[in-house]
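Enquirer: take a look and give me a structure for this.
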Amino acid sequence: MLAGERGYHVVRLSGALSRGGRHRSLGFQSKLLIMLLAVSIISVVIAGAIGYVSGTTSLRNAEYQRLTQLRESRTREITSFYTDITDAASIVTHGTQSIAAVNEFTKAFNELQTTPLPPDAEQAVAKYYSTVFGPTLAERTGQPVDASLFKPTSNAATYLQYEYTVPARGDFDASLKMVSASDPSAWSAVNARYQPFFADLTQRFKFEDAMILDTAGNVVYTAYKGVDLGANITTGPYSTTALAGAYREALQATSVDQTFISDFERYVPSYGKPTQWVLSPIGRDGVIAGVLALQLSLDEINDVMTGHGRWVEDGLGQSGETYLAGPDKLMRSVSRELLTDPKHYAEEVIADGTPEDIAEREVAVKGSVLLQPVDKLAVNRALTGETGVTTARDYIGPEALVAYAPLEIPGLDWVLVAKIDKSEALAPVNTFARNIALSTAAIVLVVSLLALLFSRILIRPIKSLANAVRRVAGGELGVSVPVTARDEIGELASAFNDMSASLHTKQQLIEDQRRENDELLATLMPEPVARRYRDGEENISTHYRDVSVIYAQLLGFDDYSRSMPTAESVAMLNSLVEAFDEAAERHGVERVRSMQDNGLLATCGVVVPRVDHASRTIAFANELTDIVGRFNDQHGAHLAIRAGIDSGPVTSGLVGQRSKIYALWGEAVDLANRVHAATKAPGVFVSDRVHEAVVGIYSFSDAGTVSNADGSEPVWRLDVGSRQSA
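Expert: Just a heads-up that it's a prediction; the model follows:
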């Protein structure tokens with residue numbers, strides 16, 4: 001090339017480099033600046049995220065703890081409430097006055113069964129049911145009512161309701177104050193004596209009613225003289241009530257100290273209001289004369305569960321509450337929002353799936369007991385006996401933090417739930433997140449300024465390297481990177497060349513090591529397993545339905561080797577192992593383990609499926625015997641082979657985490673080992689399955705039995721050298 005032409009090409013190349021420099025996207029300085037900013041910003045964001053998550057977790061845990069404490073507090077309060085009630089009932093039923101009252105009321109009630117009724121009694125009672133009780137019950141329940149179904153059927157009930165229930169016209173307070181109807185009956189005289197006591201009992205303990213029942217199921221007395229006065233709860237319209245069920249339990253009590261609590265029910269005499277009873281037998285010295293039934297006040301239970309409306313003071317904020325639920329997954333206490341914001345309550349529960357008519361009914365009666373479904377995660381877990389906390393949607397509102405537990409109140413399969421909206425409980429996290437965001441923005445601004453300064457300092461050596469690269473690009477071309485200076489760029493180029501040569505050498509060493517590893521794997525496991533292991537498969541196992549397994553043990557070698565040097569004994573053992581391996585290869589037998597405690601475990605039909613695996617295994621065992629015999633003749637030894645063979649399903653694979661071991665297990669392996677151990681004598685022993693497979697090829701003799709899952713099976717000894725012609 002002429003000098004002028006060479007100069008022309010150099011100038012053209014330099015021009016191309018200059019044009020390329022003008023069109024490049026981002027310089028190294030810009031990339032370095034972006035990298036520093038990215039690392040700094042990501043670090044700050046990650047730190048902020050960790051702080052946010054940590055703060056949220058801590059706040060949630062603190063809220064869970066607070067809810068748990070409130071749940072336990074409410075549990076103690078409601079349990080104490082029922083304990084006080086049952087204790088009061090038990091004390092009352094032990095008193096002389098209660099025992100006298102049940103006897104006198106029962107006697108007077110029985111007399112009324114034969115007492116003539118006043119002339120207009122039946123008509124007045126019927127009119128009361130049709131004009132007062134029936135319409136009021138329909139209005140309170142929101143359902144049409146046939147009041148005639150509840151009319152008294154006995155003479156005594158009609159008499160008492162005519163004298164006491166009808167005059168009160170449904171005014172329970174008036175009937176409570178009525179001591180006597182001024183009629184000549186013995187019942188009214190008894191009522192005049194005991195009404196003040198039971199009226200004081202109901203008012204003092206805030207019961208809805210106090211009722212005495214005789215042993216025949218008759219309501220012989222009630223404090224409020226409702227339509228259940230004189231009714232029989234075992235045969236009449238109230239026989240299927242929870243009151244009737246608890247009454248039957250009370251009659252079967254083993255002690256008059258026992259009390260029984262019924263679940264809530266819609267009790268007709270209370271105009272369908274959710275009603276709960278505490279019953280206790282009345283009697284002395286183990287003799288039950290009757291039963292006292294106390295109707296609990298739903299308002300008292302609601303006061304306990306709402307903390308008398310002091311939700312905020314109890315730490316429940318604006319959305320928290322505690323409520324009870326029964327096994328039917330309906331509420332047993334009033335909902336907070338139903339009391340504070342009925343309209344919003346109805347919208348929320350309808351949106352959650354509550355039927356619209358149910359929600360409207362709850363608003364109308366201002367109660368959610370036996371109406372509001374709470375088929376939610378917390379209730380379901382508590383009904384199974386679990387106690388804990390969780391975050392999940394509840395029957396109202398958005399996702400909530402919930403603490404739940406079953407109640408330990410005899411006779412009641414209830415659970416208690418404490419909840420608060422997640423948004424309210426974790427509201428401080430939002431403030432925390434805003435502070436983190438502002439701090440992050442300030443830190444990013446400072447980091448940006450520092451990154452700009454540091455990038456300019458760091459880019460100066462790189463620019464010197466770029467100038468050197470341009471000189472190389474101007475004509476100094478070669479396969480390797482030339483070292484043109486002894487500065488940082490020269491050291492980098494020299495280090496690159498050294499690294500390239502070093503990598504080439506290390507690659508050769510790696511290839512050599514890989515070949516050695518492959519050869520070692522071939523000696524430890526079959527090639528298909530080794531191939532799967534090299535391919536990175538972790539859990540390697542294969543099931544084989546029908547293969548043969550041989551477990552052979554070399555007998556007498558330990559005694560034989562004691563009389564010779566260690567090196568010589570190892571050489572002798574190696575010669576035997578080599579002969580065994582050659583025999584295995586000829587017969588298509590795959591070795592699993594060899595010479596561990598002078599034992600050999602091998603299979604036939606695993607790597608290469610074979611229909612004649614049993615015959616091949618026996619032939620291999622025969623040859624092992626021949627090899628040991630030749631060894632004995634050559635060395636004057638007295639070694640022997642004892643082998644056990646079985647056929648059947650096995651599983652093979654690699655086991656172990658740090659060090660992999662090729663192992664074989666299964667029914668055939670176990671039976672082969674037990675067949676081998678069936679006798680201490682040398683020889684080849686086979687299971688009954690192997691004997692049946694080759695019975696026409698080899699001859700055998702009986703060698704005893706081995707136990708198996710079904711009992712025992714015979715073991716057969718191979719007559720060595722007994723192969724028959726087909």
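Enquirer: so where is the stretch 251-400 of the chain shaky, pLDDT-wise?
Expert: Within the stretch 251-400 of the chain, no stretch has pLDDT under 70.
Enquirer: one more pass at 80, please.
Expert: By pLDDT under 80, the low-scoring segments of the stretch 251-400 of the chain are 285-286.
Enquirer: residue 417 should be in a strand, yeah?
Expert: Yes - the assignment for residue 417, made by DSSP: H, G, I helix; E, B strand; the rest coil, places it in a strand.
Enquirer: count of neighbours near residue 569?
Expert: Neighbour count for residue 569, taken as other Cβ atoms under 10 Å: 16. For every residue, glycine as well, the C-beta is placed using N, CA and C.
Enquirer: what's next to the helix or strand where it lies, contact-wise?
Expert: Under the criterion of DSSP states H and E, residue 569 resides in helix 566-587. Helix 566-587 is contacted by residues 554, 557, 560-561, 564, 589-591, 594-595, 600, 602, 604, 616-617, 619-620, 623-624, 627-628, 631, 635 when judged by Cβ atoms under 8 Å, 6 or more residues apart in numbering.
Enquirer: pull out the buried residues from those residues.
Expert: Buried by 16 or more other Cβ atoms under 10 Å: 554, 557, 560-561, 589-591, 594, 600, 602, 604, 616-617, 619-620, 623-624, 627-628, 631, out of the contacts of helix 566-587.
Enquirer: so of those, which ones are in strands?
Expert: Counting by DSSP state E, the part of the buried ones among the contacts of helix 566-587 found in strands is 554, 590-591, 594, 600, 602, 604.
Enquirer: export these to JSON lines and tack on distance to residue 52?
Expert: Listed next are those as JSON lines, based on distance: Cβ to Cβ, whole Å:
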{"residue": "554", "distance to residue 52": "69"}
{"residue": "590", "distance to residue 52": "60"}
{"residue": "591", "distance to residue 52": "61"}
{"residue": "594", "distance to residue 52": "62"}
{"residue": "600", "distance to residue 52": "64"}
{"residue": "602", "distance to residue 52": "63"}
{"residue": "604", "distance to residue 52": "64"}
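Enquirer: so how far is the helix holding residue 569 off the chain centroid?
Expert: On the basis of Cα atoms, centre = their mean, to the nearest Å, helix 566-587 is displaced by 56 Å from the centre of the chain it belongs to.
Enquirer: just the CA trace of that helix, in PDB.
Expert: Provided in PDB are the C-alpha atoms of helix 566-587 (Å, rounded to 0.1, in the frame of the first residue of the first chain):
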ATOM      1  CA  THR A 566      -2.600 -56.300  55.000                       C
ATOM      2  CA  ALA A 567      -1.400 -55.500  51.500                       C
ATOM      3  CA  GLU A 568      -1.500 -59.200  50.500                       C
ATOM      4  CA  SER A 569      -5.100 -59.600  51.900                       C
ATOM      5  CA  VAL A 570      -6.300 -56.500  50.000                       C
ATOM      6  CA  ALA A 571      -4.800 -57.900  46.800                       C
ATOM      7  CA  MET A 572      -6.500 -61.200  47.400                       C
ATOM      8  CA  LEU A 573      -9.900 -59.500  48.000                       C
ATOM      9  CA  ASN A 574      -9.400 -57.300  44.900                       C
ATOM     10  CA  SER A 575      -8.800 -60.400  42.800                       C
ATOM     11  CA  LEU A 576     -12.100 -61.800  44.000                       C
ATOM     12  CA  VAL A 577     -14.000 -58.600  43.400                       C
ATOM     13  CA  GLU A 578     -12.600 -58.300  39.900                       C
ATOM     14  CA  ALA A 579     -13.700 -61.900  39.200                       C
ATOM     15  CA  PHE A 580     -17.200 -61.200  40.600                       C
ATOM     16  CA  ASP A 581     -17.600 -58.100  38.500                       C
ATOM     17  CA  GLU A 582     -16.600 -59.900  35.400                       C
ATOM     18  CA  ALA A 583     -19.100 -62.700  36.100                       C
ATOM     19  CA  ALA A 584     -21.800 -60.000  36.800                       C
ATOM     20  CA  GLU A 585     -21.100 -58.400  33.400                       C
ATOM     21  CA  ARG A 586     -21.300 -61.800  31.600                       C
ATOM     22  CA  HIS A 587     -24.600 -62.600  33.100                       C
END
